[in-house]
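>>> Pasting a predicted model and its sequence here:
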Amino acid sequence: MNVNLRAAFFLTKAVYRKMKEQRSGRIIALTSIAGQRGGFFSGAHYCASKGGLESMMKCFALNGAPYGILCNCISPGVVETPMTKEEGVTADGIPLGRAAQPEELAEVIAFLVHNTYINGATIDVNGGQLMR
């Protein structure tokens, strides 16, 4: 909770003030599929913190919109990292049959940075593991 939610709140609050002054900005939070459906590999505390982060970004999106501040979330599923390899996280249940590469998340971040109209959204990057 301290890292995923509390730290994100204080960091966002700090940059939000500057963005409000300059009347523009982008805030992009990395949430998780676990914050939307619970998780097999993560505890309830992790799932709650990521769900809370998504909700918090919606609040910042509503309040920041008049100042040109767009706030969005990217919600990944399994991402191939040293940690997921070490923990033995598999691609089971992912329709694309593989974990995401970190670069695939970076592409979505770059898209949101340059976009001027998407606000308060969560973009799922999970290979079809969670479809809405």
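Arrived safely, thanks for sending. Numbers count the residues shown, from 1 in each chain.

>>> Would you confirm that Gly38 contacts Tyr46?
No: Gly38 is beyond contact range of Tyr46, at 9.8 Å (criterion: Cβ atoms under 8 Å). All C-beta spots, glycine's among them, are computed from the backbone N, C-alpha and C.

>>> Just want to know which of the two has more residues nearby.
Taking other Cβ atoms under 10 Å, Gly38 and Tyr46 do not tie; Tyr46 has more neighbours (18 against 14).

>>> pLDDT score for Arg37?
Arg37 is assigned a pLDDT of 87 by the prediction.

>>> Alpha carbons of the longest helix anywhere in the chain, as PDB, please.
Looking across the chain with DSSP state H, the single longest helix is helix 44-64. The C-alpha trace of helix 44-64 is given here as PDB (Å, rounded to 0.1, in the frame of the first residue of the first chain):
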ATOM      1  CA  ALA A  44      -5.200  -9.000  -1.600                       C
ATOM      2  CA  HIS A  45      -3.100  -6.000  -0.500                       C
ATOM      3  CA  TYR A  46      -1.600  -5.800  -3.900                       C
ATOM      4  CA  CYS A  47      -4.900  -6.100  -5.700                       C
ATOM      5  CA  ALA A  48      -6.500  -3.500  -3.500                       C
ATOM      6  CA  SER A  49      -3.600  -1.000  -4.000                       C
ATOM      7  CA  LYS A  50      -3.800  -1.300  -7.800                       C
ATOM      8  CA  GLY A  51      -7.600  -1.000  -7.800                       C
ATOM      9  CA  GLY A  52      -7.300   2.100  -5.500                       C
ATOM     10  CA  LEU A  53      -4.600   3.600  -7.900                       C
ATOM     11  CA  GLU A  54      -7.000   3.200 -10.800                       C
ATOM     12  CA  SER A  55      -9.800   5.000  -8.900                       C
ATOM     13  CA  MET A  56      -7.400   7.700  -7.700                       C
ATOM     14  CA  MET A  57      -6.400   8.400 -11.300                       C
ATOM     15  CA  LYS A  58     -10.000   9.000 -12.200                       C
ATOM     16  CA  CYS A  59     -10.300  11.600  -9.500                       C
ATOM     17  CA  PHE A  60      -7.200  13.400 -10.700                       C
ATOM     18  CA  ALA A  61      -8.500  13.100 -14.300                       C
ATOM     19  CA  LEU A  62     -11.800  14.800 -13.400                       C
ATOM     20  CA  ASN A  63     -10.100  17.600 -11.400                       C
ATOM     21  CA  GLY A  64      -7.300  18.100 -13.900                       C
END
